[in-house]
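Asks: Using only what follows, build the 3D model:
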Amino acid sequence: MTKSKSTPEGSLTGVVKRVAFADGFFRILEVMVLTTDLPWSQPMITVTGPVGTVSEGQVYRFVGYLTTNRRYGAQMVARFSEAVAN
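Replies: Below you'll find the model as predicted:
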């Protein structure tokens, strides 16, 4: 599985629709995009990384970069996340 950094770091705010995988602090999330300064125009994105505990249905801000995983396609690799008040 090869990952390559392909965009500068940016942020994305979105609603966690599903926690697809969790191991320790590492998560793979399906997120509905609300706002972003990354070059992303789709309504949903996969977010991966050590984002800790998150709740489905909650709004979060993620900081990281976009990458293309050879097996899973385009996704955001987050290095930081925080809950956003509704």
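
Asks: Next, the residue nearest to T46 when sequence neighbours are not counted: secondary structure please.
Replies: Among residues not flanking T46 along the chain, Q75 sits closest, at 4.1 Å (Cβ to Cβ, 6 or more residues apart in numbering). Every C-beta, even on glycine, is put in place using the N, C-alpha and C of the backbone. Following DSSP: H, G, I helix; E, B strand; the rest coil, Q75 is assigned to strand.

Asks: Repeat that for the one 4 residues further on.
Replies: Reducing the assignment to helix, strand or coil with three-state DSSP, the entry for R79 is strand.

Asks: show me the contacts for A83.
Replies: V54, Q58, V59, Y60 (Cβ atoms under 8 Å, 6 or more residues apart in numbering).

Asks: rewinding a little: touching, the residue nearest to T46 and V47? I think so.
Replies: Yes: Q75 sits in contact with V47 when judged by Cβ atoms under 8 Å, with a separation of 6.9 Å.

Asks: Tell me which of those two has more neighbours.
Replies: A direct count of neighbours by other Cβ atoms under 10 Å for Q75 and V47 places V47 higher, at 24 against 20.
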